[in-house]
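[1] Provide a 3D model corresponding to the input given below.
(chains A and B)
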Number of protein chains: 2
Amino acid sequence: MPNGAQALMKTLVDAGVDVCFTNPGTSEMHFVAALDSEPKMRAVLCLFEGVATGAADGYARMADKPAATLLHLGCGLGNGLANLHNARKGKVPVLNIVGDHATYHTRYDAQLQSDIETVARNVSPGFVRTAQSTADLCRDAADALTAARGLPGQVATLILPADVSWGEGGVAEAQRPLPAPAPADDATVAAIAQAIQQAKASGGQAALLLGGRALREPSLRAAARIAAHSGVKLLAEVFPTRLERGAGLPAVERMAYLAELAGVQLAEVQHLILVDAKAPVSFFAYPGKKSDLVPETCTVHELATPVQDTTTSLDKLARALGAQDAQPTLQAATRPGRPRGRLTAEKVCKAVGHLLPSDAIVVDEAITSGLMLGRFTAGAPRHDLLTLTGGAIGQGLPNAVGAAIACPKRPVLALVGDGTSMYTIQSLWTMAREQLNVTTVIFNNASYSVLNVELERVGADRIGPKARSQLDLQGPVLNFAQMAQGMGVHAVRATTAEEFTRALEEALAQPGPHLIEAVIPEALSGLKRKVLPWLLRSLPSLPPGVARALKRKIAPP
Amino acid sequence: MPNGAQALMKTLVDAGVDVCFTNPGTSEMHFVAALDSEPKMRAVLCLFEGVATGAADGYARMADKPAATLLHLGCGLGNGLANLHNARKGKVPVLNIVGDHATYHTRYDAQLQSDIETVARNVSPGFVRTAQSTADLCRDAADALTAARGLPGQVATLILPADVSWGEGGVAEAQRPLPAPAPADDATVAAIAQAIQQAKASGGQAALLLGGRALREPSLRAAARIAAHSGVKLLAEVFPTRLERGAGLPAVERMAYLAELAGVQLAEVQHLILVDAKAPVSFFAYPGKKSDLVPETCTVHELATPVQDTTTSLDKLARALGAQDAQPTLQAATRPGRPRGRLTAEKVCKAVGHLLPSDAIVVDEAITSGLMLGRFTAGAPRHDLLTLTGGAIGQGLPNAVGAAIACPKRPVLALVGDGTSMYTIQSLWTMAREQLNVTTVIFNNASYSVLNVELERVGADRIGPKARSQLDLQGPVLNFAQMAQGMGVHAVRATTAEEFTRALEEALAQPGPHLIEAVIPEALSGLKRKVLPWLLRSLPSLPPGVARALKRKIAPP
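    Take a look at the predicted model:
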C-alpha cells in the first residue's frame, strides 16, 4: 500500500495535475521522495517560493488547469503569497501543497511552527484544509482540486503534515466531475439587449466590459459580433488574466490604469455590461478623487458572472439583438517599423511589435515602460497577453516560467521593469535549468518610475531628497545582464535601438532562455515627474477617440 | 498641524525609532514624503520586503531597539513574513508599518485589496491594529511600540490606511515608559539552588540552558560563576538571537541542530534549568523519534521566563549557591592557523577563525557548511553571533544589512549557504547603496546539502533521480560573484584556501561591502549522504566530552 505522499502523487496525476513547482524543506521530503513513483509528474525546482507560486499562476493561465506548488510551512507560503494573490485576483486555479510538521509535533512549538491556516486564508478564502489522516488525504486533495478548478478558478491550499505524508495506507482518489457553467438567464439577456437597443436608438453608448474567460477567442468573437451589429464598445478589464489578441482577432480596448484616463474611456458610456468582470474601480485611492470609476449617469449590468458561461451568454445576447450573423471587425495585420537611434522604452515596445513571432505568449509587467506595448503589438501575429492581475509586483518572470512549461513549443516574451524584476529575479535560474524558451526584456531606467507619478497623484507634493531617494534605483545601478549570467542565462545589455532589435532577433531565433537588458532613460525625470506630462505622453498609446477626448480634457486650447 | 504621516514620523523618532527599512508603494507615499520632515529618520530602501524585515530583525538584535519596516499592503507583508517569523521566534522587537488602501477604498475590492490583519497575525499575534483615524494614529503607534519593546520583544504590526496617513490633524505621542523586568522569585531560586546542590552531592549533572537575553555578557558571567562554583554545565539554545562570545568571555556549549547530537548533549543532565529559553525540542519530527529532546530522567526548571530579568535572576541563584565570588572560566584567546590547499567548508571556517577582527558581528546562516565555525572562532576576539532563530532561511544577508546599520563601526561578516542566500539575494544591492561594512561569504556547494541528510532522517530512503534533483543546485551552478557585481558589490570567487584567505583579508581591510564566493565540494556526496557519516563528521566540532560520548554511541568498537 502506498504511503500518503505516493497516493497523493497518483491522485494529482490522475486528475491531470502533472506539474509541481517546488521549493521543499524537510517536512516535504516524503512528497519529494514520492516524485519517482509517478513518472508523469514533472517537478520544477525554484529557488524562492514566489517563483514557484508565480509559475503555477502562469502555468494555469496557459494550460487551463492547475499546477501544484510545494511549499515549506508557513514561511514558505508567506514567501509565495504575493503571486498567489495575483492568481486569486485573476481567478486562476492553483493547488498549494504546504508541508507542515507532523501532527504530534506542532504542540512543541518548534522553530518553524506557525499558524499556516491563518496565512493561507489571505489567498485561499475558499479552501484551506489541514489533512488529518493518511487515509483521508487524497479525498482532501480531490476536494481541493474541485475547489481550485471550479468557476471562478481559485487558489486552494492543502496543508500536509509530515506524518500524514509518510504514513502508510494512502488511498488515491478520482477526480470529481465539474458541473458545466450555466449561461445568463433569458430575462437578464433580454434586459441587457433592450438597454443596448435603447442606447443605439438614442445615440448613446453601451459598452461590454470583458474580463476573465471572456477575453479568450470564442467570447471575443461573440462580443465583436455584438459590437459590429449594435455599435457597442468593447472594453477589457485593466489587468487581464489572459487576453487573446493580435491580427485576425477582434480588438478590445483595455481600461487604463490611471483613473484620469479610465474616466475618459467611460465618460460617454451609458450602459456598462459586465462579462466575467467587475465594475472598474481606481487601483488606489487618491485624495479628493472617487474610487468608483463608473460615471453616475451610467447603468451597470451584469451579463455573466465569474461562475457563468461567458461565450454562451454573449451568443444569447447576440441572438437577442439579431447580431448572430454579424461580421465581427478583426484586427488587421500590421507591424511597426524597425526602431533606430537612442534606446527608449517606446522603441523597445516598437521592436517587440516589429519582431513578435507567431503564437507568442507575452507577459507584461513593464509598468510605465510598457505604455506603448499594446499599441505596437496590436496588429502583430496572434498572441496571448498575461498581466499583473492582482497588482503584486514580481509576477512577470515567474509567470513566464509557468507559461513556458505549459506551452513548450510557444515562444514566451517577458517584459519586466527593473524594480519589479527584483522581487523574483531567482526565476532566471529555473529558466536556465529547465532550458525554457523565454526571452526576458528588463527595462532598466534605474527607478521605481511609477511611484514618481503616484507621489503627485496622492497629493504628497512637497517632496524632498530623502523621499525621492526612495523611488530611485541609483547608486549602484543594477546590471541585469551580469545577474542573469550569474544564474546561467545568456544575457546582453542594449543601449541603442539597433542593438536591442538585433539582440531580440537573435534571442527569438535561438532556443532556451535569453535576457536583454534595455538601458533606457528614466521615463519621468525632473519636471516630467508629474501626472499631466504622463497623461500627454499616454496619448499615442490610446485609441484615437479616447486620445482626442483626453486631450480636450487635460490640455484645453 | 502635521498630517498623519508627519506626526507618526515624529512619534517614531522621539521614541528612538530612527531607522526604517522600506519597500514602499503608492499607499505609502505620504509616509515617504514625510521622511524629509524628520532629519533624524534614516530610510533604507530595500528591493524586496524580505530584505527589509530581515534587516529590521538584525538591526534590533544589535541596537536593542526596534527599527520600523515600511511595507506595501498584504502582499508586501507576505513577502516579509519569513524574516518576521525569525524575529518573532528570536523575541526581537520590530515595528511593521504596513500601508493599506484608504479606509473608504477597501470596500471596492481593488486589485491589491486583501485581508492584511489575517496575514499579520501569523507573526504579530500580540499586536495587530489597523489605524482608524489620523487623530489616534500616534497613540496606536505608541501602543505598537510598547508591545514591540516590552519583554519578550515582539513583532508589532500597525496597518496604516492611506487616508489616515494623509489626513490632517496628526498628534505626536510620547513613548510610554516600560516597567523594569522582575527577577525570579525567592522560592524559585531556592528550589533550583537545592536541585543543583543535590545533583552536585550525588555526582549528577545540572545544566543551565541559556537563551534570549541570557546569552549577553552580564548573564553569561553570572551563569559562568555558577558553573565554576557548582559544576553546572552551560548550554545555549540551538539558534541564539545574539550570542556574545570569543576570547575573554565565558564559553557556552550550543545545543546541536541534529536531535541525535542533542540527545547526547543532554543524556547525563538530571536538572535542566531554563533561563529565557524553552526546553529543547527536535527541529522537525522524524518517524519513530521523540520530538521532546529532554530525557525522561531529567527535571526541567525555569529560573527566568522571557519576561523576567535574566542577569538578576542568575545573580540571585549564584548568591543562593554561594557562588557570587566564584571566578568564571573565560575563553582563552586562540586562533587556528592559516588554511592551505584545496578549499573546503572547514577551511573557510578556519580562515574566518584565523582572521576574525575584534568586535565583529558574525551572521551565521551557513547551514551544513558552517559546522566548524563555532569551534574555529571560539577563541577569536570577542564578537557577536546572530543565527537563524526561526528556521526560515533567507535571514543571513538581511540580518547583516541591519546589523551593519545598527553598528556602523563594527565589521560584519555574513556566512551564508548558496541555497539560503537566494531567498534574499537582493540584500546585496542595499549593502552597496548604503556602503555597509559587510563581508559576505557564500558557501557554494551547488546543493541544498542539509536536505540530503534530512531525506534519510525522515526515512524517505528509496530515493530516485527526480527526488535527488530537487536537492541539488546544479545545471546551471550559480555564480555569486557575477550576481554580486551586478548589484554593485565587489566580489571574487575562491577555489583554494590560499585564495579565500587572501580575499577575506583584503575584504576585511577595506570599507564597504565585499562578497567572497567560496567554491567548495558538496559536503555530502554519494555514500556520504547519510546521517552516520554526518555525525562522525561533526565530532571535531563538538566539545571533547560530547564527542567521546557520541562516538561511543554511534560507532561502538
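[2] confirm for me that A:T118 is in contact with B:R121.
    Yes: applying Cβ atoms under 8 Å, one finds A:T118 in contact with B:R121, separated by 5.3 Å. In short, each C-beta sits where N, CA and C put it, glycine included.
[3] list the contacts of the residue minimising distance to the centre of chain A.
    Centroid-nearest residue in chain A, with Cα atoms, centre = their mean: A:T387, separated by 3.5 Å. For A:T387, the contacting residues are A:F239, A:P240, A:T241, A:L243, A:V363, A:D364, A:E365, by Cβ atoms under 8 Å, 6 or more residues apart in numbering or on different chains.
[4] so the first one sits right up against A:G391, yeah?
    So the one you mean is A:F239. Yes: between A:F239 and A:G391 a contact is recorded at 7.3 Å, counting by Cβ under 8 Å.
[5] intersection of neighbour lists for those two?
    B:Q111.
[6] which of the contacts of A:T387 come close to chain B?
    Applying Cβ under 8 Å from any Cβ of the partner chain to these, one finds that A:F239 fall near chain B.
[7] between the contacts of A:T387, which has the most around it?
    Ranked by neighbour count (other Cβ atoms under 10 Å in any protein chain shown), these have A:V363 at the top, with 30 neighbours.
[8] and it, what pLDDT?
    Looking at A:V363, its pLDDT is 98.
[9] how close does it sit to chain B?
    Separation of A:V363 from chain B (Cβ to the nearest Cβ, to the nearest Å): 17 Å.
[10] give me the number of residues near A:G231?
    Counted with other Cβ under 10 Å, residues neighbouring A:G231 total 14.
[11] that one touches A:K200, doesn't it?
    Yes: contact criterion Cβ under 8 Å: A:G231 and A:K200 qualify, at 5.5 Å.
[12] need the residues touching each of the two.
    Joint contacts of A:G231 and A:K200 (Cβ under 8 Å, 6+ apart) are A:A206.
[13] now name the helix or strand holding the residue nearest to the residue nearest to the centre of chain A when sequence neighbours are not counted.
    Closest residue to A:T387 apart from its sequence neighbours, by Cβ to Cβ, 6 or more residues apart in numbering or on different chains: A:F239 at 4.5 Å. Element membership for A:F239, per DSSP states H and E: none, as it lies in no helix or strand.
[14] format the contacts of A:T387 as CSV; extra columns: secondary structure.
    Output for these, formatted as CSV (DSSP: H, G, I helix; E, B strand; the rest coil):
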residue, secondary structure
A:F239, coil
A:P240, coil
A:T241, coil
A:L243, strand
A:V363, strand
A:D364, strand
A:E365, strand
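[15] which of the contacts of A:T387 sits closest to A:D418?
    Among these, A:E365 lies closest to A:D418 (Cβ to Cβ), at 10.9 Å.
[16] quick one, what contacts the residue nearest to that closest one when sequence neighbours are not counted?
    Distances taken as Cβ to Cβ, 6+ apart put A:G396 closest to A:E365, at 3.0 Å, once the chain neighbours are dropped. Residues counted as contacts of A:G396 (Cβ under 8 Å, 6+ apart) are A:V363, A:D364, A:E365, A:A366, A:L388, A:A414, A:L415, A:V416, A:T420, A:S421, A:T424.
[17] could you point out which element follows the worst-scoring helix or strand of chain A on mean pLDDT?
    One helix or strand of chain A scores below all others by mean pLDDT, DSSP states H and E: helix A:531-538, with a mean of 72. Following helix A:531-538 in sequence order, the next helix or strand is helix A:544-554 (DSSP H and E).
[18] mind listing what's buried along that following helix?
    A:V546, A:A547, A:A549, A:L550, A:K551, A:I554 (16 or more other Cβ atoms under 10 Å in any protein chain shown).
[19] for stretch A:429-441, same thing?
    So for stretch A:429-441, counting by 16+ other Cβ under 10 Å, buried means A:W429, A:T430, A:M431, A:A432, A:R433, A:E434, A:L436, A:N437, A:V438, A:T439, A:T440, A:V441.
[20] could I get those residues as TSV with pLDDT, secondary structure and distance to B:V92?
    Shown next, in TSV, are the buried residues of stretch A:429-441 (pLDDT from 0 to 100; DSSP: H, G, I helix; E, B strand; the rest coil; distance: Cβ to Cβ, whole Å):
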residue	pLDDT	secondary structure	distance to B:V92
A:W429	98	helix	31
A:T430	98	helix	32
A:M431	98	helix	36
A:A432	98	helix	36
A:R433	98	helix	35
A:E434	98	coil	38
A:L436	98	coil	39
A:N437	98	coil	45
A:V438	98	strand	39
A:T439	98	strand	43
A:T440	98	strand	37
A:V441	98	strand	40
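[21] closest to B:T130 out of those residues?
    A:T430 (36.8 Å).
[22] contacting residues for the closest one?
    A:V44, A:L45, A:C46, A:L47, A:V51, A:A55, A:V401, A:L436.
[23] once you drop chain neighbours, what's closest to A:V123?
    The nearest residue in space to A:V123 (Cβ to Cβ, 6+ apart) is A:L84, at 4.0 Å.
[24] tell me the contacts of the one you found?
    Taking Cβ under 8 Å, 6+ apart as the test, what A:L84 contacts is A:T53, A:D57, A:V94, A:N96, A:V123, A:S124, A:V155.
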